[in-house]
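Chemist: build me a model from this:
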Amino acid sequence: MLARARLLVATAWAGSLWTVGYLAAPTLFGTLSDRVLAGTIAASLFHAEALLSIACAALLLLLLWLDKTGLLGARRTTLLLALVMLACTLVSHFGLQPEMAALRAAAGPGGVMESAAKGRFGMLHGVSSSIYLFQSLLAAWLVVKQ
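Modeler: Numbers count the residues shown, from 1 in each chain. Below is the predicted model:
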């Protein structure tokens, strides 16, 4: 029962990461002609995704703590993956995203890509995207380990 619940949580977590990062956000930028609006909506989606990631991590850690019968090695791997994925979320959401939001807010109506902060924003976005990709790959591993 707990193993199935862990699989469900891991799958929901991975699916949400992949849907927001590789389907919804690119679709926004490909569909909307207003890139500032697309960026604002994408930022809202990534905020919701971060909150969902924190909740999935907490639930997965609780399920691991409750499961005293599973294979020790498999639980250890799941624990490690969940903690590293949670760390990715926390670094991005509470470390990088506030600075990126401040740059967007300071840029004005023309958007950050038309401001002097374009280079700094691009660097932060690149780091954030790399962390997100790493977390997405860990999510695949997490699902497989379940």
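
Chemist: mind checking how far Ser44 is from Val84?
Modeler: Here the criterion is Cβ to Cβ, to the nearest Å. By it, Ser44 lies 25 Å from Val84. C-beta: built from backbone N, CA, C; applies to glycine.

Chemist: between these two, which one's more packed in?
Modeler: Neighbour comparison, Ser44 and Val84: the larger count goes to Val84, with 15 against 10 (by other Cβ atoms under 10 Å).

Chemist: what's around the closest residue in space to the more buried one that isn't next to it in sequence, how many residues?
Modeler: With Cβ to Cβ, 6 or more residues apart in numbering as the criterion, Val84 has its nearest non-adjacent residue at 6.1 Å, and that residue is Leu138. By other Cβ under 10 Å, the residues close to Leu138 number 18.

Chemist: what's the helix or strand for Leu138?
Modeler: Under the assignment given by DSSP states H and E, the secondary-structure element containing Leu138 is helix 118-145.

Chemist: many thanks, I have nothing further to ask.
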